[in-house]
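1. Quick one, what's the 3D model for this:
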Amino acid sequence: MTRFAALIMILCLPLSFVMAGSDDLVERKADFNWKMNCQGCHLPNGAGSPLGAPDMRGIVAKFLQVEGGREYLGRVPGVAYAPLKDQDLADLLNWVLKEYDNENLTEDFRPYTASEIGALRRRPLVEDAPIMRNELLKALMAHDPNMEVSEHK
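-> Sure thing, here's the model as predicted:
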C-alpha cells in the first residue's frame, strides 16, 4: 500500500464513524435540544405543567391524525419561536413524537422536514394556540370517544 492510500484511509476513518452513527447523533442532538428548550415547561418526562405547557405523553402523535394537527404542532409558540435552525427543530419535533407518543405514530408517518418547519413557523400561533388545541382535541375525541384528554387553558 502506498503512503498516499494509507493516508486517505486514515483520513476517511473518522468520517465513516460519523456517518455510521448519524441517526444516533441526530437523536442525541434532539434530546439535548429538548433539555435546553422544552423541558422547562413540558418537564423532563413530557408531562407538562399546570398553567404552563400541556402533557405530551400518549397524545402528541394523535394530533397528526386530525386535519390541522400536523400544522398545529409546527406553529405552537414553543416550536415556532424556538431558537433553533429549521432542521434542528424538525429533528426535535420528530424525536418528541417518537419519544413521548411512539405508540400512536401511524405506519405512514412522514417525518417533519426543515422546509416544512420553516414554512409553519412563519405563521406562529400566539393567543389562539390553546383555542386551536382544544378544537383539535374535540376532533380527536369525536374520532375516538374513549380518549381521555384535558383541555388546556
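2. Can you tell me how far the spatially closest residue to M141 that is not a sequence neighbour is from Q65?
-> Closest residue to M141 apart from its sequence neighbours, by CB to CB, 6 or more residues apart in numbering: M147 at 5.5 Å. To be clear about C-beta, it is placed using only N, CA and C from the backbone, and glycine gets the same treatment. Applying CB to CB, to the nearest Å, the value for M147 to Q65 is 11 Å.
3. what touches both of those two?
-> Common neighbours of M147 and Q65 (criterion: CB atoms under 8 Å, 6 or more residues apart in numbering): L140.
4. out of the two, which sits in the busier spot?
-> Legend: neighbour count by other CB atoms under 10 Å for M147 and Q65, higher for Q65 (16 against 13).
5. was I right about the more buried one contacting F109?
-> No: counting by CB atoms under 8 Å, Q65 sits too far from F109 to count as a contact (10.3 Å).
6. Give me the helix or strand of the protein that scores worst on average pLDDT.
-> Least confident helix or strand of the chain, by mean pLDDT, DSSP states H and E, is helix 3-20 with a mean of 49.
7. Output the helix or strand following that helix as PDB - backbone C-alpha positions only.
-> Once the chain leaves helix 3-20, the next helix or strand it forms, by DSSP states H and E, is helix 22-37. Below are the C-alpha coordinates for helix 22-37, written out as PDB (Å, rounded to 0.1, in the frame of the first residue of the first chain):
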ATOM      1  CA  SER A  22     -25.600   9.800  12.100                       C
ATOM      2  CA  ASP A  23     -29.100   8.700  13.300                       C
ATOM      3  CA  ASP A  24     -27.700   8.400  16.800                       C
ATOM      4  CA  LEU A  25     -26.200  11.800  16.500                       C
ATOM      5  CA  VAL A  26     -29.500  13.300  15.400                       C
ATOM      6  CA  GLU A  27     -31.200  11.600  18.400                       C
ATOM      7  CA  ARG A  28     -28.700  12.900  20.900                       C
ATOM      8  CA  LYS A  29     -28.800  16.400  19.500                       C
ATOM      9  CA  ALA A  30     -32.700  16.400  19.600                       C
ATOM     10  CA  ASP A  31     -32.600  15.100  23.200                       C
ATOM     11  CA  PHE A  32     -30.100  17.900  24.100                       C
ATOM     12  CA  ASN A  33     -32.400  20.500  22.300                       C
ATOM     13  CA  TRP A  34     -35.300  19.100  24.300                       C
ATOM     14  CA  LYS A  35     -33.500  19.700  27.500                       C
ATOM     15  CA  MET A  36     -32.300  23.200  26.600                       C
ATOM     16  CA  ASN A  37     -35.500  24.500  25.000                       C
END
